[in-house]
Structure formats: C-alpha cells, structure tokens
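Visitor: sharing a model that was predicted from the sequence below.
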Protein chains: 2
Amino acid sequence: MAKHPQAYFWKVMAGELPPPRMADTLGITFTHIDADAGTIQTTFEAGPEFTNPAGHIQGGMLAAMLDDTMGPALAATLGPGQFAPTLNLNVSFERAAKVGVITGQGRVLKRGNDVCFLAGELFQDGQRIASATATALIRTMPTG
Amino acid sequence: MAKHPQAYFWKVMAGELPPPRMADTLGITFTHIDADAGTIQTTFEAGPEFTNPAGHIQGGMLAAMLDDTMGPALAATLGPGQFAPTLNLNVSFERAAKVGVITGQGRVLKRGNDVCFLAGELFQDGQRIASATATALIRTMPTG
C-alpha cells in the first residue's frame, strides 16, 4: 500500500486540488495518515447545526464522520485515476455525542485488488462514541 | 401505534416546538406520516456542501437522511416523554446521488415494547439510491 503522490487524495493534501465540499461541512482535519499501515486519524468540528431533538449530534452525522474517516484511510493508498465508493456502512452508536470536537480513527482491515473492508471509530472527551465497518470497491476511471 | 398529540414529534409538527437543527441542515419536509401504519415519506434538499470528491452526495449524508426518515417514522408513534435513540444503522449505497431533491420512505418493521426495527429507502429521479435498516430503543425520560 505505497503512497502515490499523483493520486487525488495526496494532491488535495498537497494543496494542488481543492478539498471536497463535505470536508468543510464536517470541519475535518487529518492529524495522522499512514498509507503503508492503512491507518488515519481525523478531527471534526461538530456544530449545533448537526443536533437532533435531544440536543446531541444526530447519528447520521456521526455516520458521515465515520465515512470521511474510513474513506480517506483507503483513498490514501490508491493510485492515480482510482476511486473507491463505499458500498455499505454499518454504524453502532455507543454514546451520545455533543457539540464540539470529535476525533476519528480509521483503518483498512483488508485491501483486496478491488474489494476492501474498512473500520472506524469516533471519540469525544476520551470515550468512544461510535464505531463502524464499511465495504468499499476500488474502481479505475476510464481514460479517454 | 396510536398518535399522541402531546408527544414531542407531533408538537413539532403542530409548530408548538421548534424542529431540531439537523432538520434545517438536511432541508427535510414530511410529505406523509401515518403513525398507525408506522410509515413516513420525506423530502430533502441535498446541497453542494454535501458533495464528495466525485461531486456526488457523500454517503454519510445519505445515512443522515435515512436516519432522519426512519427515526421520525418511529417518533410519530411515541408517547409523551418517550424518545428512541438509534443504536445501529446499516446503509447500502446503490447508486450515486447528485445535488438536488432526494425523497425518502421509512417504516417501522417491528415496534416492540422497547426494541424497534426500522427500514428506510432514498430515491432520486425515480431510482432508488440507498436503503437502510436500523435498530432503535424506546426509552422514557425520568420525571422529577
């Protein structure tokens, strides 16, 4: 799982391409990326606009953060022209999350030639608030 | 599954309580609610701020829409002082979704005394884009 500097993820990291809009919406920062190990650490800013009737962060937004933690863990290992849509996402909500900083850890459990299995966790105030697994499929953009 | 007008969900529907912030973020509208049948129909406005590197709606945001479709299907059946946090959410992403209107259908598959199983689907341009199941647990707020 070598790092490809010309791949989309690393061009964004290098500031050569703009980040996706969703990255801004979630206030994501990558605090650690290891393409060889297939691991990543993220930080999110969970704002009041993400709150549910209980005043906690809506579970779907935690799913969005987990998706944006696990996806980049895999994206960091892709080559130029490759992308890896998530096919399935399974999230367990372990504790209520409040407005504020949420940190994430993602890892590539298995990176096949195309089928990949991912795992991720979110933490707040030192406690795990949610965990997830995902299935993703590596595809290569047609060149024309 | 009778409707309780004094329950939180119906007070919001009646304009007696403000909707949760997340409802505004997702641009949700309820187009059909049947508490007796445990079914609901929703409409969302998927904005450009939800897009991933491919320019499609990020999968996590579709999970958020499914959560806000299935959750209210159950919430519409709750009594005063009851709430039902989602414990687990499992989403399959069937097609890419683009910026624009997304509609949802949710239903209560089984409403136990406390454990509930939910299902939901999202559609865009007449095609299903994602489906999900969820597990929720009915709890009652302590009265003091």
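Guide: Ah, there it is. Numbers count the residues shown, from 1 in each chain, chains lettered A, B, ... in the order given.

Visitor: do the biggest helix by length in chain A and chain B meet at all?
Guide: Looking across chain A with DSSP state H, the single longest helix is helix A:59-75. Yes: legend: contact between helix A:59-75 and chain B by C-beta under 8 Å from any C-beta of the partner chain is shown at A:59, A:60, A:61, A:63, A:64, A:65, A:66, A:67, A:68, A:71, A:75. Placement of C-beta: from N, CA and C, glycine included.

Visitor: around chain B, which positions in chain A sit nearby?
Guide: By C-beta under 8 Å from any C-beta, the residues of chain A that approach chain B are A:8, A:12, A:20-22, A:24-25, A:48-54, A:58-61, A:63-68, A:71, A:75, A:83, A:85-93, A:96.

Visitor: at 7 Å instead, please
Guide: Listed as neighbours of chain B in chain A under the rule C-beta under 7 Å from any C-beta of the partner chain: A:8, A:20-22, A:25, A:48-54, A:58-61, A:63-68, A:83, A:85-93.

Visitor: next SSE after the longest helix of chain A?
Guide: Using DSSP states H and E, the helix or strand that follows helix A:59-75 in sequence is strand A:82-83.

Visitor: partner strands of that next one, parallel or antiparallel?
Guide: Within its sheet, strand A:82-83 is paired with strand A:139-140 (antiparallel), according to DSSP bridges.

Visitor: so where do the strands sit in chain A?
Guide: For chain A, strands defined by DSSP state E occupy the ranges A:29-34, A:39-46, A:82-83, A:86-93, A:100-111, A:115-124, A:127-137, A:139-140.

Visitor: need the buried ones from the residues of chain A next to chain B selected in PyMOL.
Guide: The PyMOL selection below is limited to those of these classed as buried (16 or more other C-beta atoms under 10 Å in any protein chain shown):
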select buried, chain A and resi 8+20+21+22+25+50+51+52+53+58+59+60+61+63+64+65+66+67+68+83+86+87+88+89+90+91+92+93
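
Visitor: and residue A:106, bridged to which residues?
Guide: The partner residues for residue A:106, given DSSP bridges, come to residue A:40, residue A:120.
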